[in-house]
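**Q** here's my sequence, what's the structure:
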Amino acid sequence: MSKVTCKILLLVIMAFSFSANAFWFEIPNENQTLSSLGRVEKLQRALNPDRIDVLVWNIYKGGLLSWRIDLQRFAYGRDLILLQEGILNNDMRDELDASTRHQFLFATSFVYKTSGHATGVVTGATAIPSQTDYLRSDGRELIGFSPKMTLVTKYPLRGMDKELMVINIHELNSVSWKKMAAQIIPALRQAAEHDGPVLFAGDFNTWSKKKEAFVMRAMERSGFKPIELANPQDRMHVFGRALDYIFVRGLKARNGKVLVEALGSDHKPLSAILSVIRD
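**A** Alright, predicted model coming up:
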């Protein structure tokens, strides 16, 4: 296929995606983007800086039968739960809203027009966030023209003046590494301005050599390190490259692993226990 033909085909796909956008999803207003779910009567005022138990999982919009059982099982006892591809259909809304251990913040990427269901990223915690922000990508997927979402939250740390910043990201997929970079850079800027430890995790969609190289280089330059996993080969891989990561700055990690027992998504959850590195 010639370069000219490829360019024409690309333009046709983009034109179709752009026109289809008007029919299948919508972007909510600012005051409708964030939702809070959960029935926790008494949240902690702060997280324990010496033990922060974390779960990170692309939950595949609840598309596989055992997602609910897996979520109940693997979310139990966690201090932080970072989900990607959440969806506020009746089943997932009810599950998150019934929680008595976590408050869940749902950041809507977009809403399906046919069903009215919102999809996006979800961060659950046993403590009250002191600050919440979201970053919807300016870039759009090549197929479907939909955006992706990043949710930024801050939590007090018991006995410390500094707070923990938590960045939950679902990176764009069918785009160039440059558009991918344009999504992650604003979150890295927020992290650079934060005087305290940072957890930066999610589905980075690093399925190409250039995307993987960019993310690793950008995270390293920003002071982040990927945590070690006991079984990294069990993560979701595309074209031989892992998609899901937990990066930390100012935190130590132990017991990092991929939860291979989970069958409720095409991705396997990641878990780890974090602790703040004290000066």
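**Q** dump the C-alpha coordinates for stretch 172-182 into PDB.
**A** The C-alpha trace of stretch 172-182 is given here as PDB (Å, rounded to 0.1, in the frame of the first residue of the first chain):
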ATOM      1  CA  LEU A 172      -5.100   6.900  24.900                       C
ATOM      2  CA  ASN A 173      -4.800   3.700  22.900                       C
ATOM      3  CA  SER A 174      -5.100   4.100  19.100                       C
ATOM      4  CA  VAL A 175      -3.000   7.200  18.800                       C
ATOM      5  CA  SER A 176       0.700   8.200  18.200                       C
ATOM      6  CA  TRP A 177       3.100   8.400  21.000                       C
ATOM      7  CA  LYS A 178       3.100  12.200  20.700                       C
ATOM      8  CA  LYS A 179      -0.600  12.400  21.400                       C
ATOM      9  CA  MET A 180      -0.100   9.900  24.200                       C
ATOM     10  CA  ALA A 181       2.600  12.200  25.600                       C
ATOM     11  CA  ALA A 182       0.200  15.200  25.400                       C
END
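**Q** pLDDT (mean, whole number) over it?
**A** The average pLDDT within stretch 172-182 is 90.
**Q** where's that stretch relative to the chain centroid, distance-wise?
**A** The chain centroid and the centroid of stretch 172-182 are separated by 16 Å under Cα atoms, centre = their mean, to the nearest Å.
**Q** got the buried residues for that stretch?
**A** By neighbour count on 16 or more other Cβ atoms under 10 Å, the buried set for stretch 172-182 is 172, 173, 175, 177, 179, 180, 181. Bear in mind the C-beta positions are built from the backbone N, C-alpha and C, glycine included.
**Q** got JSON lines for those, with secondary structure too?
**A** Converted to JSON lines, these look like this (DSSP: H, G, I helix; E, B strand; the rest coil):
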{"residue": "172", "secondary structure": "coil"}
{"residue": "173", "secondary structure": "coil"}
{"residue": "175", "secondary structure": "coil"}
{"residue": "177", "secondary structure": "helix"}
{"residue": "179", "secondary structure": "helix"}
{"residue": "180", "secondary structure": "helix"}
{"residue": "181", "secondary structure": "helix"}
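**Q** which two in these are spaced the farthest apart?
**A** Between any two of those, the greatest separation by Cβ to Cβ is 14.1 Å, found for 173 and 181.
**Q** hmm, back to that, and the buried residues of stretch 172-182 as TSV, adding distance to residue 193?
**A** Listed next are the buried residues of stretch 172-182 as TSV, based on distance: Cβ to Cβ, whole Å:
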residue	distance to residue 193
172	23
173	28
175	26
177	24
179	23
180	22
181	19
